[in-house]
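>>> Here's my sequence, what's the structure:
(one chain, ligands or ions: 1)
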Amino acid sequence: MKTLHEYADMVEARLDALLPEMADGAYEMGGMPWLLANSMHYSLMAGGKRLRPAMLLAAVEMLGGDAGEALDFACAVEMIHTYSLIHDDLPGMDDDTLRRGRPTNHVVFGVGPAILAGDGLLNFAFETMLRAASAHPQRAAANLAAICEIAHGSGVTGMIAGQAMDLHCERADGGDAGALDYIQRGKTACMFAYPLRAAARLADADAAQLTALSDYGMAFGLLFQATDDLLDVTGSADAMGKTLGKDAASGKLTCVSALGIDGTRARIEREHRAAVDALSIFGARAAFFVQLVDDMVERTH
Ligand code: GRG
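Prediction:
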């Protein structure tokens, strides 16, 4: 198995090949115009940690599968994640001007082009996975099952559902612990759990392995969001590469607003334990994932 950085480098190189930059003013029939290509490229190649695709690749290798064959599925997850960040930053959603340490997409390219860059990344993600699946017809069932997992996790009962409830609670200026859980499972944890479920499908995992990875991903995602909420209050904007302190200012429902700082720390501890416990069936083979969740508890960005 590789390190997080090695998996992230694989993803970085493949994304750059799938979506190269274009010369200003360039377009051709059947291809993309420069403004669309370059606004998609701007956010996609802006130095994200590549956590979700790296975890997908590591899970495939842990289960004895081929990371090379899974690479386009991993890249698609990063495209979907990046689209969600572009749309989340729009004036009609979180209205943010800093992301991944750079001005947000709509600040640079305008709101209309930023909507299209997000739409473009979402659509291109599925095109990329379907192309990869079509190249290996003998693996059609596993590949389609993986695509379904990614569609489900990022879709209307997953990430989009969480984001919709988040918007609703912010506008209604309310929401209880149940709503908090629904939001954070949907908008954040599903984008870890379902790529891991996709990895299990790609590597022909058994039912127990699928459940274990799914449970780990959910716990990891809840922990990740709880640390994000804590860092919004206690972190550094330079390290995080985004505006901090916005959650409290906008009256957002977060772990800190619902549970307090100590309650948030307790949640982080609880989900940390749940994540490590979920991995027990893999024994020493899960060292990458144990290390990753240990590092998340300590993260500053
Ligand atoms: C627009 C449908 C739609 C959904 C948006 C991603 C999202 C849902 C909202 C962003 C706000 C937020 C704090 C989400 C949860 C945590 C999160 C996704 C943080 C960013 O992920 P990182 O830290 O970012 O992995 P990088 O830049 O490293 O990829």
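>>> The stretch 101-250 of the chain: strands as residue ranges?
102-103 (DSSP state E, counting those that start in this stretch).
>>> Up against the ligand, what does the stretch 1-150 of the chain have?
Taking Cβ under 6 Å from any ligand atom as the contact definition, the stretch 1-150 of the chain meets the ligand at 48, 49, 51, 81, 84, 85, 87, 88, 100. C-beta here means a position set from N, CA and C on the backbone, and glycine is covered the same way.
>>> Give me the neighbour count for the second one.
By the criterion of other Cβ atoms under 10 Å, residue 49 has 14 neighbours.
>>> Excluding residues flanking it in the chain, which one is nearest it?
residue 8 (7.0 Å; Cβ to Cβ, 6 or more residues apart in numbering).
>>> now do the fourth one
Using Cβ to Cβ, 6+ apart and skipping the chain neighbours, the partner closest in space to residue 81 is residue 52 (5.7 Å).
>>> In contact with that neighbour, which residues?
74, 77, 78, 81, 191, 192, 195 (Cβ atoms under 8 Å, 6 or more residues apart in numbering).
>>> Minimum distance to the ligand, which residue of the protein gives it?
Closest residue of the chain to the ligand, Cβ to the nearest ligand atom: residue 48 (3.1 Å).
>>> helix/strand/coil for that residue?
On the three-state scheme (DSSP: H, G, I helix; E, B strand; the rest coil), residue 48 is labelled coil.
>>> That one: neighbouring residues, count only.
Neighbourhood size, residue 48 [other Cβ under 10 Å]: 21.
>>> For it, list the residues it contacts.
Counting by Cβ under 8 Å, 6+ apart, residue 48 has contacts 78, 81, 82, 100.
>>> Got the phi and psi for the last one?
The main-chain torsion angles of residue 100 are listed as degrees, to the nearest 10 and equal phi 50, psi 30.
>>> neighbours around it, how many?
Applying other Cβ under 10 Å, we find 19 residues neighbouring residue 100.
>>> And the pLDDT at it?
Per-residue confidence (pLDDT) for residue 100: 88.
>>> Is it in contact with residue 49, as I believe?
No: checked against Cβ atoms under 8 Å, the pair residue 100 and residue 49 is beyond contact range at 9.2 Å.
>>> Give me the domain ranges for the chain.
Domain ranges of the chain: 1-135, 161-301, per automatic domain parsing.
>>> Point out where the protein drops to low pLDDT.
Nowhere does the chain drop to pLDDT under 70.
>>> And the residue of the chain closest to the ligand, how close does it get to residue 157?
25 Å (Cβ to Cβ, to the nearest Å).
>>> can you check residue 41 too?
30 Å.
>>> Of those two, which one has the most company?
Neighbours per residue (other Cβ under 10 Å) separate residue 41 from residue 157, with residue 41 holding more: 19 against 11.
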